[in-house]
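Q: structure of the sequence below:
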Amino acid sequence: MDTHKSVYRVEKVETDFSITGTGNSLHWKNGTALTDFSFPWENGYLPHLSFKALQTPDWLYCLFEVTDTKVIVFVDKHDKKKVMNSDRVELFLRCNEKMAPYYCLELDPLGRILDYKAEHYRRFDMDWSWPNNQLKVKTCQTQSGYSVEVAISKKSLIELGVLQNNRLEAGLFRGKCMEINEGVANLKWISWIKPDSPSPDFHIPSSFGVLML
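A: Here you go, the predicted structure:
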């Protein structure tokens, strides 16, 4: 059963708009800032993370804003899996509580997209990609952090089976990269919903809330 804490209402705007990565569009004034994030498995200072979402008849728009003066991005060969070695924000969307299947978007400050399809538990299809021309991502880096703007077509959300009865069952996360050793990132994990797991794991049913459209 949905609880107030785990439901975010996506406000409507009338017209589609271009995303730039800056989050400066006047449309975003219509969105509610979700800032109720936590370090489920860590103690200490929690860097600020804000999420907003808006919708038009055809598109879902999301905005992640990260405040952090030390953002680490790993750049090597051109491979979407390299996103796993960088600071990033993440959006998971599932078809049902059994997570059969669910879809993952991991987005780094350079605008690189790690998109994949998965089945519980941790069966990943990294060769899968979001339907063509149905996903747009723009980013912007500043001295104080970075922002990620996303536009996802409702057509793709319906066809993938994740948009049902005006609801998206979603996980919202950030991997804060502390350091990179020999190409491997040391990450601390930030989440909207505190998963029922003693160790870091978002690939479980309890890590999801609801975006209500």
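Q: run me through the strand neighbours of the longest strand seen in the chain, direction for each.
A: Taking DSSP state E as the criterion, the chain has its longest strand at strand 167-181. Here strand 167-181 is paired, per DSSP bridges, with strand 88-94 (antiparallel), strand 163-164 (antiparallel), strand 184-191 (antiparallel), strand 209-212 (antiparallel).
Q: in this protein, where is pLDDT below threshold?
A: By pLDDT under 70, the low-scoring segments of the chain are 1-5.
Q: how about the strands in it?
A: With DSSP E as the criterion, the chain has strands at 7-9, 11-12, 49-55, 59-67, 88-94, 102-107, 113-119, 123-125, 135-142, 145-153, 163-164, 167-181, 184-191, 209-212.
Q: and of these, who's closest to residue 33?
A: The minimum distance between residue 33 and the strands of the chain falls on strand 49-55, with 5.0 Å, by Cβ to Cβ. Quick note: C-beta positions are derived from backbone N, CA and C, even for glycine.
Q: contact partners of that closest one?
A: The contact list for strand 49-55 (Cβ atoms under 8 Å, 6 or more residues apart in numbering) reads 8, 10-13, 23, 27-28, 30-35, 37, 60-67, 89, 154, 172, 174, 190, 192, 211, 213.
Q: among the strands paired with strand 167-181, which comes closest to residue 100?
A: strand 88-94 (8.3 Å).
Q: relative to strand 49-55, how tilted is that closest one?
A: If you take axes from the mean of the first three to the mean of the last three Cα atoms, to 10 degrees, strand 88-94 sits at 50 degrees to strand 49-55.
Q: how about strand 88-94 as CSV, C-alpha atoms only?
A: Once non-C-alpha atoms are left out, strand 88-94 reads as follows in CSV (Å, rounded to 0.1, in the frame of the first residue of the first chain):
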residue,chain,number,x,y,z
ARG,A,88,25.8,9.4,-11.2
VAL,A,89,22.1,9.7,-10.6
GLU,A,90,19.8,6.7,-11.3
LEU,A,91,16.2,6.2,-12.2
PHE,A,92,14.8,2.6,-12.0
LEU,A,93,11.3,1.8,-13.3
ARG,A,94,9.6,-1.6,-12.7
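Q: count of residues packed around residue 138?
A: Number of residues near residue 138 (other Cβ atoms under 10 Å) recorded here: 17.
Q: pretty sure it is touching residue 17, no?
A: No. The criterion here is Cβ atoms under 8 Å, and residue 138 misses it with residue 17 at 11.8 Å.
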